[in-house]
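**Student:** Need a 3D model of the sequence below.
(one chain, ligands or ions: 2)
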Amino acid sequence: MLGPMTGAPDLSQRASSLAPSATLALAAAAKEMAAAGRDVVNMAVGEPDFDAPGSAREAAHAAVDSGQVKYTPAAGLASLRAAAARVLREERGTTHEPESIVVCHSAKHALSHALLALVNPGDEVLLLAPVWGSYDEQVKFAGAKPVHVAPSPGGQCVPDIDAIRAAVGPKTRGIMLNSPSNPSGYVWSEGELRALGEVVLEHDLWLISDEIYARLVFDGARHISPASFSPELAARTIVVDGASKVFAMTGYRIGFLAAAPPMAKAVASIQSQVSGCPNYVSQKAYEACLVEDPPEVASMIAAFDARRRLVAKGLGDLGLTLPEPRGAFYAFPDLSSHFDDRGAPGLCADLLEAEAVATVPGDVFGAPDHVRFSYALSEERLTEALRRLGRFLGSR
Ligand code: PMP
Ligand code: GLU
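**Tutor:** Ligands and ions are numbered 1, 2, ... in the order given. This next block holds a predicted model:
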């Protein structure tokens, strides 16, 4: 007989050990404060403030009106898989064919599927700290153990290749890479990526290359996909991408992964059982963006660059040091000299309370001296946030 719906839930170990997304929770708290009437500057979530491109919106409307909103193949629409493969070949120099592509509900979903297809209980996955908090939880959820490789001295918030090589052990199954990086904005150079690729091949590992910020690179930085280096490395690399960031389509929930066909097939099988197939309407909207690069993208990228410069200068003027933000849309200053004994979480809570500026403590990314500021906001709001931050730090 079922008991009353009270008391401690009888959950699986998997569910009880999972931490919910801190970035989404903080962003939701900030949105609640705003709904209650506070003038909140929400720099907590990595979500572009732009609308989706016109062609994506038109394609979504047309899809709804077409009467074709039905199940699609588990790996996604053939036309979208072909478009994604072509974009990877043309823009990133890979050799992916459509059968390498599995369209997923989001990049997050693609990452989670990739891990489910890759790891066994007891395996370890190297995470290059600081790292987006969802990686840890996704690795654990898939049954493996996340192992952080600490950043090297130098302030750029990235481990060097010797530290990565030293962290590889008998249980290491793979490495997760995110360049451009959330949270640091670091963009890996070709030399660094080639060295990382050598570690992967030397030890028969897999590389999950999360390239969701690929087009958001500035200051002459170039995004390079390690899957373009050699057929050997391509066979051990799973590229992940999505529409959320570059096309400002967070709510459409659509992305893909690209892998050697046997791995792609395994992921499609998982998807066929877990969710059936990705959403038809969002697939059509994404396809419109990949087939014909929307003109809005160039102006979004230019806007992010101007915002990046504004925030980097503003934080520098406040005496803060930060890794040079050359990609994605985050600034990640070291604020430890302003902490009390509650560290970054205390500072972020006080900043939200006193000045209604929402940020994310570096603890979420394994970098407790830092605080993440998303600059996916208008220059006017960013200027206001910097003004409030200056007042806040001056009062501590
Ligand atoms: N990877 C990184 C590094 C991210 O910052 C995000 C942001 N949510 C994602 C993947 C997932 O994006 P989405 O699930 O919205 O496609
Ligand atoms: N990637 C975004 C961020 O880091 C979205 C949050 C999430 O999906 O957890 O803010």
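
**Student:** any idea how far the closest residue to Glu47 other than its chain neighbours is from Arg38?
**Tutor:** In this structure, Glu47 finds its nearest non-sequential neighbour in Thr250, 5.0 Å apart by C-beta to C-beta, 6 or more residues apart in numbering. Every C-beta, even on glycine, is put in place using the N, C-alpha and C of the backbone. Going from Thr250 to Arg38 by C-beta to C-beta, to the nearest Å gives 23 Å.

**Student:** So the two - more neighbours on which side?
**Tutor:** Neighbour count, other C-beta atoms under 10 Å: between Thr250 and Arg38, Thr250 has more, with 18 against 13.

**Student:** burial count for the residue of the stretch 151-300 of the chain found nearest ligand 2?
**Tutor:** Closest residue of the stretch 151-300 of the chain to ligand 2, C-beta to the nearest ligand atom: Asn182 (5.3 Å). Look at Asn182: counted by other C-beta under 10 Å, it has 27 neighbours.

**Student:** Would you mind listing where the protein has pLDDT under the threshold?
**Tutor:** Regions of the chain meeting the criterion pLDDT under 70 cover residues 1-8.

**Student:** Let me see the ranges of the helices in it.
**Tutor:** Assigned by DSSP state H, the helices in the chain fall at 13-16, 22-35, 54-65, 78-92, 107-118, 134-141, 161-167, 190-202, 231-235, 261-274, 280-291, 296-317, 343-355, 379-394.

**Student:** Look up how far ligand 1 lies from the residue nearest to Gly390 when sequence neighbours are not counted.
**Tutor:** Excluding its sequence neighbours, the residue lying closest to Gly390 (C-beta to C-beta, 6+ apart) is Leu318, at 5.6 Å. Applying C-beta to the nearest ligand atom, to the nearest Å, the value for Leu318 to ligand 1 is 25 Å.

**Student:** and what of Gly191?
**Tutor:** Taking C-beta to the nearest ligand atom, one finds Gly191 at 22 Å from ligand 1.

**Student:** got it, and Leu115?
**Tutor:** Applying C-beta to the nearest ligand atom, the value for Leu115 to ligand 1 is 13 Å.

**Student:** Grab the nearest non-local neighbour of that residue.
**Tutor:** Using C-beta to C-beta, 6+ apart, the closest residue to Leu115 is Ala142 (3.9 Å).

**Student:** Equivalent analysis for Ser55, please.
**Tutor:** That would be Ala288: by C-beta to C-beta, 6+ apart, it lies 4.4 Å from Ser55.

**Student:** and the one you found, how many residues sit next to it?
**Tutor:** Other residues close to Ala288 by other C-beta under 10 Å number 24.

**Student:** Could you pull up the contacting residues of it?
**Tutor:** 53, 55-56, 58-59, 294 (C-beta atoms under 8 Å, 6 or more residues apart in numbering).

**Student:** Would you mind giving me the PyMOL syntax to select the buried ones in those?
**Tutor:** Buried members of these, defined by 16 or more other C-beta atoms under 10 Å, are picked up in PyMOL with:
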select buried, resi 53+55+56+59+294
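
**Student:** Identify the residues contacting Gly366.
**Tutor:** So Gly366 contacts 127, 129-131, 133, 136, 148 (C-beta under 8 Å, 6+ apart).

**Student:** if we take the residues you listed, which one ends up nearest to Lys31?
**Tutor:** Relative to Lys31, the closest of these is Gly133; by C-beta to C-beta it sits at 19.0 Å.

**Student:** show me what contacts the closest residue to Glu287 other than its chain neighbours?
**Tutor:** Excluding the flanking residues, the one nearest Glu287 by C-beta to C-beta, 6+ apart is Leu80, at 4.4 Å. Residues near Leu80 by C-beta under 8 Å, 6+ apart: 101, 103, 256, 283-284, 286-287, 290.

**Student:** In the residues you listed, find the pair that's most separated.
**Tutor:** Most distant of the contacts of Leu80, by C-beta to C-beta, are Ile101 and Lys284, 15.7 Å apart.

**Student:** Give me the more crowded residue out of those two.
**Tutor:** Between Ile101 and Lys284, counted using other C-beta under 10 Å, Ile101 has the larger neighbour count: 30 against 25.

**Student:** residue contacts, the more buried one?
**Tutor:** By C-beta under 8 Å, 6+ apart, the contact set of Ile101 is 75-76, 80-81, 84-85, 256-258, 264.

**Student:** 6 Å instead?
**Tutor:** Contacts for Ile101 (C-beta atoms under 6 Å, 6 or more residues apart in numbering) come out as 81, 84-85, 256, 258.

**Student:** Against Glu90, how distant is Ala82?
**Tutor:** As defined by C-beta to C-beta, Ala82 lies at a distance of 12 Å from Glu90.

**Student:** correction: Val187
**Tutor:** Counting by C-beta to C-beta, the gap from Val187 to Glu90 is 20 Å.

**Student:** The two - which one has more neighbours?
**Tutor:** Set side by side, Val187 and Glu90 show more neighbours around Val187, with 26 against 9, by other C-beta under 10 Å.

**Student:** so the more buried one makes contact with Ala328?
**Tutor:** No - if you go by C-beta atoms under 6 Å, Val187 and Ala328 don't touch, sitting 8.5 Å apart.

**Student:** tell me, what's touching those two both at once?
**Tutor:** Residues touching both Val187 and Ala328 (C-beta under 6 Å, 6+ apart): Pro180.

**Student:** quick one: contacts of stretch 186-204?
**Tutor:** Contacts for stretch 186-204 (C-beta under 6 Å, 6+ apart): 156-158, 161, 164-165, 168, 179-180, 207, 217, 221, 224, 226, 229, 232-233, 236, 323, 326-327.

**Student:** Which members of those are classed as buried?
**Tutor:** 156-158, 161, 164-165, 168, 179-180, 207, 217, 221, 224, 226, 229, 233, 236, 323, 326-327.

**Student:** thinking again about what came up before, closest to Ser66 out of the contacts of Leu80?
**Tutor:** Among the contacts of Leu80, and counting by C-beta to C-beta, the member closest to Ser66 is Lys284, at 8.4 Å.
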